[in-house]
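Engineer: A predicted structure for the sequence below; I have some questions about it.
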Amino acid sequence: MKQFVHKIVLFFTIFTLLQATCVNKSYSFTVGEEREMGEQLLYQIRLAFPLLDDPDITQYINRLGADVLEVAGFQYFDYHFNIIESSQFNAFAAPSGLIFFYTGLIEQMHHEDELVSVLAHEIGHVVARHIAKGMDQSMKLSVATSLLALASIALGAGALSQALLTGSLAAGQATNLYFSRQAEEEADLLAYGWMKEMKRHPRGQEAMLRSMRRISRYSMGNNVPQYLLTHPNPSARLDYVQGLVAYEADQLEDFGNTDDFQFLRMRYRMLSLVKDGKQFRNMLVSKLKDSSLSASEHMMLEYGLSQLDRRENNFSSSRKLLKKVIKFYPERSILQVDLGIVEMQDGHKDRALALIQSAYERNRNDHWAIFQLARVWLSLGNLKKAEKYFNELQAATPAYSKIYYELGRLKAGQGKNAESSYFLGKYYLYEGKLKFARENMVKAKRKAILSKKQEDDIDRMLGIIDRLEKEM
């Protein structure tokens, strides 16, 4: 119910923000206006959708995004890439480089290049300013009815979004906010070129379009996935990309296969968190019987089973499977972190510390290792070391809410109640619990023993809370 309310709020926020850009102005949606709107929408989207916000998953998707942006060149916006926990086959790019993927879309992918192709395609829409141009065209016709379409695109399937979409279609305005065939080809061509520059074979783009065509053909009426409504003509797009691949076959023959380890680890860990356990186990066991799988694909299915076993507290089986995967991938230090988590949950804190510390020493930029190392030290009662690693992760991922929850616990353990309230206030803000966020921020401010930076941060966040509450 809470998320449903927030989704309604998101629609009216989009409505209000875009109307503000139209008052006493020519009907143009400038880069500055798009950037301002994106900054305000980021919090609203976090409140409206359940984000899969683990450090390793967030680091992975943002690293892939950064790889694309590196070849895409100068950008007007700071991009944010997130994964939404939802079975829908959907993704959307909101103004100013906010790009969201649904777990249901990633579930349909089998290789990292497929994910990169969709990610690059969405970046292509932002770079080509298709979203801003679509809004600009719709404003010239009718701001109110066009915003119904924008809200339905962001909200995806469900009674609310379907009602909004029906209203906007009846008014004849929605097509301006849906990508045209020309816009789709432009974004596809940008993605194709960027993948080549990244030395990734465009067969990943071809495979993803083939999946979209298959899903489109088997979808009926109102069951057409939202992504295929806003990104139409998968058959025509597939023909276009296949033609390019065939024409440039000589140029592409030296492109090797992408190592899918990180993608498959992310995908199976993600599915272990969001799928029904029985269904997920049946899927993994069934796939393990496929003799056409490579040894690495087979091993990552066993990794998926290890994560499901851990979720179900079957630590002995999880440990056994992970050790098997580590033997196959001895250079992948993040697997030691996963094994350390099993040891931690099974009560073997010293073993967990040794495993995770070793992984951290091998890769000090691994957010998953940093977070878990901090949690182990906290459980061992060494607050100083735990704080060191939490602060290290906070500097790298300032929008990760669970850090602030852990820092709030840590500061309470040190008897620093003002700082505890400050961090808990940040945690509740990112979690969308505005009442508790305000209470903790006000409590922290009353103590008047915080640093100037923390006091300024509290004032800034109270301002954010004020704006969000006014829009609710």
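Structural biologist: Happy to help now that I have it.

Engineer: Show me the domain layout of the protein.
Structural biologist: Using automatic domain parsing, the domains assigned to the chain come out as 2-252, 259-331, 333-399, 403-472.

Engineer: Can you give the distance from the third one to the centre of its chain?
Structural biologist: It refers to domain 333-399. Centroid separation for domain 333-399 versus its chain: 22 Å, with Cα atoms, centre = their mean, to the nearest Å.

Engineer: Adding mean pLDDT, write the domains of the chain out as CSV.
Structural biologist: Below are the domains of the chain laid out as CSV (pLDDT from 0 to 100):
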stretch, mean pLDDT
domain 2-252, 73
domain 259-331, 96
domain 333-399, 96
domain 403-472, 89
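
Engineer: In CSV, list the ones you listed along with mean neighbour count.
Structural biologist: Heads up, the C-betas are built off the backbone N, CA and C, glycines and all. What follows is the domains of the chain, written out as CSV (neighbours: other Cβ atoms under 10 Å):
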stretch, mean neighbour count
domain 2-252, 19
domain 259-331, 17
domain 333-399, 19
domain 403-472, 17
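
Engineer: Can you tell me the SS state at Phe81?
Structural biologist: Classification of Phe81 using DSSP: H, G, I helix; E, B strand; the rest coil returns strand.

Engineer: What of Ile465?
Structural biologist: Assignment for Ile465 (three-state DSSP): helix.

Engineer: For it, give me its contacts.
Structural biologist: For Ile465, the contact set (Cβ atoms under 8 Å, 6 or more residues apart in numbering) comprises Leu429, Leu434, Ala437, Arg438, Met441.

Engineer: Could you tell me which of these belong to helices?
Structural biologist: Mapping those onto helices (DSSP state H) picks out Leu429, Leu434, Ala437, Arg438, Met441.

Engineer: Tell me which two in those are the farthest apart.
Structural biologist: Farthest-apart pair in the ones in helices among the contacts of Ile465 is Leu434 and Met441; separation 10.3 Å (Cβ to Cβ).

Engineer: Mind giving me the packing neighbours of the helix or strand where Ile403 lies?
Structural biologist: Applying DSSP states H and E as the criterion places Ile403 in helix 401-413. Where contact means 3 or more Cβ pairs under 8 Å, 6 or more residues apart in numbering; DSSP states H and E, helix 401-413 is packed against helix 367-379, helix 383-396, helix 417-430.

Engineer: what about the helices in the stretch 101-250 of the chain?
Structural biologist: 103-107, 112-127, 130-141, 143-155, 159-170, 181-197, 203-218, 226-230, 234-247, 249-252 (DSSP state H, counting those that start in this stretch).

Engineer: From the contact counts, what lies against the second one?
Structural biologist: Think helix 112-127. helix 55-72, strand 91-94, strand 98-102, helix 181-197, helix 203-218, helix 261-274.

Engineer: so how far is the second one from its chain's centroid?
Structural biologist: In terms of Cα atoms, centre = their mean, the centre of strand 91-94 is found 11 Å from the chain centre.

Engineer: partners of it, with directions?
Structural biologist: Next to strand 91-94 in the sheet, as set by DSSP bridges, lie strand 98-102 (antiparallel).

Engineer: How about residues contacting the partner strand?
Structural biologist: Under Cβ under 8 Å, 6+ apart, the answer for strand 98-102 is 38, 41-42, 45, 49, 61, 65, 79-84, 86-94, 115, 118-119, 122-123, 126, 156.

Engineer: change it to 7 Å
Structural biologist: Counting by Cβ atoms under 7 Å, 6 or more residues apart in numbering, strand 98-102 makes contact with 38, 41-42, 45, 79-84, 86, 88, 90-93, 122, all of which sit outside it.

Engineer: same thing with stretch 56-66?
Structural biologist: 79, 81, 83, 115-116, 119, 262, 266, 270, 334, 367-368, 397, 400.

Engineer: Could you tell me the angle between the direction of the helix holding Ile403 and that of helix 55-72?
Structural biologist: 130 degrees (axes from the mean of the first three to the mean of the last three Cα atoms, to 10 degrees).

Engineer: now the end-to-end length of stretch 341-359.
Structural biologist: Start-to-end span of stretch 341-359 (Cα to Cα, to the nearest Å) is 12 Å.

Engineer: Of the helices and strands packed on helix 112-127, which is nearest Ser291?
Structural biologist: helix 261-274 (18.4 Å).

Engineer: right, and the helix or strand after that closest one?
Structural biologist: helix 277-288.

Engineer: Now do the contacts for Leu228.
Structural biologist: Met212, Ile215, Ser216, Ser219, Pro234.

Engineer: ok now do the last one, which residues does it touch?
Structural biologist: Pro234 makes contact with Leu209, Met212, Arg213, Ser216, Leu228, according to Cβ under 7 Å, 6+ apart.

Engineer: quick one: which of those residues is nearest to Leu322?
Structural biologist: Met212 (34.4 Å).

Engineer: follow-up on the earlier one: and the contacts of Pro234, which is closest to Lys320?
Structural biologist: Of all these, Met212 has the smallest distance to Lys320: 38.5 Å, by Cβ to Cβ.

Engineer: how about the contacts of Ile465 in CSV, adding distance to Ala72?
Structural biologist: CSV is the format used below for the contacts of Ile465 (distance: Cβ to Cβ, whole Å):
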residue, distance to Ala72
Leu429, 31
Leu434, 36
Ala437, 35
Arg438, 39
Met441, 38
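
Engineer: nearest to Lys452, of the residues you listed?
Structural biologist: Closest to Lys452 out of the contacts of Ile465 is Met441 (15.8 Å), distances taken as Cβ to Cβ.

Engineer: I figured the closest one hits Ile458, correct?
Structural biologist: Yes - here Met441 lies in contact with Ile458, judged by Cβ atoms under 7 Å, at a distance of 5.1 Å.

Engineer: Tell me what angle the helix holding Ile403 forms with helix 417-430.
Structural biologist: 160 degrees.

Engineer: Would you mind listing the outside residues contacting helix 401-413?
Structural biologist: Contacts of helix 401-413 (Cβ under 7 Å, 6+ apart): 53, 374-375, 378, 383, 386-387, 390, 393-394, 419-420, 423-424, 426-427, 430-431.

Engineer: likewise stretch 307-325?
Structural biologist: Here stretch 307-325 has contacts from 268-269, 272, 277, 280-281, 299, 302-303, 305-306, 335, 338-339, 342, 345-346, using Cβ under 7 Å, 6+ apart.
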